[in-house]
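Novice: have a look at this prediction, sequence included:
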Amino acid sequence: MNNEEVIDLTWVEQQVEVAIERAPSVILQIVLAAVIFIAGKWIALKIRSTMRRTMEARNVDPVLVGFLSSLAYYALLIAVVIAAIGQLGIPTTSFVAVLGAAGLAVGFALSGSLSNFASGVLIILFRPFKVTDFVEAGGAMGIVEEIGILTTEMRTPDNKKIIVPNSAVMGGTITNFSEKPTRRVDLTYGVSYEDDLDKVIAIMKDVLAQDSRILPEPEPTIGVLAHGDSSIDLVCRPWVKKEDYWGVFFDLNLQMKKRFDAEGITIPFPQRDVHIYQKS
């Protein structure tokens, strides 16, 4: 064995001895880093829950409750991760610098997520809707349950959960069905050309008058809409409180049909006259 091989073996033995000596310390650092992360995450969750309860107790807008509590949680989680990495002996100042550079690169890669975050901020600022409103936005329709930092959660009338990216919400038309206290019910009825239109209109007015949910102001609109191929089409447009909309919609369709039948008013089927000519 030459001198060079002896030196190499000696160096290896020294490194092994150093590693053995440092092993307990490294294991302890890893354990402490894991404890810091687990405990920090638990504390962040508790703080988020406490923030929610406090803001709800003070009647803070539910939109702000969900948005601010989520924002605080993720900010605390980032701080916990940095503290855990620092416990491993990695210089946090260098890590923060690297994290900033990486964040810039990731920002370009995740431009969609940043757009969702910016859109969430705009929803909070301009408030086109609030939690519990029934809206159509981002290609979905339902009751708003939560507005997060990246997405808006809705519940459909048939109890399905829909998660819509905030950018899709703010990037399109938003229809808020709950914003105004009243809504107009738009109904159309077709009657035969042989029926007395004055009688038909009187029947429709009487049906509306018997429903206490119909608002006297604005006054309901009843009139001839069109001369169809098989019928005269009349519109019936009463105003109701927003919570009575669907009940009135279904009940009026039922009551109109019953009254038309009782009064001999014909609701015609589509008809077509066929003329046959005999070729001489």
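Specialist: That came through, no problem.
Novice: ok, then the element right after the helix or strand bottoming out on mean pLDDT in the chain?
Specialist: Least confident helix or strand, the chain: helix 92-109 with a mean of 56, by mean pLDDT, DSSP states H and E. Downstream of helix 92-109, the first helix or strand assigned by DSSP states H and E is helix 111-126.
Novice: list the buried ones in that next one?
Specialist: 113, 115-117, 119-120, 123-124 (16 or more other C-beta atoms under 10 Å). Any C-beta I mention is one placed from the backbone N, CA and C, and that applies to glycine too.
Novice: for stretch 72-92, same thing?
Specialist: 73, 76-77, 80-82, 84-85, 87.
Novice: okay, who's weakest in these by pLDDT?
Specialist: Ranked by pLDDT, the buried residues of stretch 72-92 bottom out at Q87, which has 70.
Novice: hmm, that one is touching F37, no?
Specialist: No. Contact criterion C-beta atoms under 8 Å: Q87 and F37 do not qualify, at 9.0 Å.
Novice: Y189: which of the buried residues of helix 111-126 is nearest?
Specialist: I123 (40.3 Å; C-beta to C-beta).
Novice: residue contacts, that closest one?
Specialist: 63, 129, 147, 152, 166, 169-170 (C-beta atoms under 8 Å, 6 or more residues apart in numbering).
Novice: quick one: which of those is most hemmed in?
Specialist: Counting neighbours by other C-beta atoms under 10 Å, the top entry in the contacts of I123 is T152, with 30 neighbours.
Novice: so what's it up against?
Specialist: 120, 123, 137-138, 144, 146, 163-166, 169.
Novice: with F129 instead?
Specialist: Contacts of F129 by C-beta under 8 Å, 6+ apart are 123, 135, 137, 144, 174, 176, 178-179.
Novice: let's see 6 Å
Specialist: 135, 144, 176 (C-beta atoms under 6 Å, 6 or more residues apart in numbering).
Novice: any chance of TSV for these, columns neighbour count?
Specialist: Formatted as TSV, the contacts of F129 follow (neighbours: other C-beta atoms under 10 Å):
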residue	neighbour count
V135	22
V144	24
N176	15
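Novice: would JSON lines of the buried residues of stretch 72-92 with distance to R237 and secondary structure be doable?
Specialist: Converted to JSON lines, those look like this (distance: C-beta to C-beta, whole Å; DSSP: H, G, I helix; E, B strand; the rest coil):
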{"residue": "Y73", "distance to R237": "48", "secondary structure": "helix"}
{"residue": "L76", "distance to R237": "53", "secondary structure": "helix"}
{"residue": "L77", "distance to R237": "53", "secondary structure": "helix"}
{"residue": "V80", "distance to R237": "58", "secondary structure": "helix"}
{"residue": "V81", "distance to R237": "59", "secondary structure": "helix"}
{"residue": "I82", "distance to R237": "61", "secondary structure": "helix"}
{"residue": "A84", "distance to R237": "64", "secondary structure": "helix"}
{"residue": "I85", "distance to R237": "65", "secondary structure": "helix"}
{"residue": "Q87", "distance to R237": "69", "secondary structure": "helix"}
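Novice: which of those lies closest to D206?
Specialist: Y73 (59.1 Å).
Novice: any idea how far that closest one is from S49?
Specialist: 9 Å (C-beta to C-beta, to the nearest Å).
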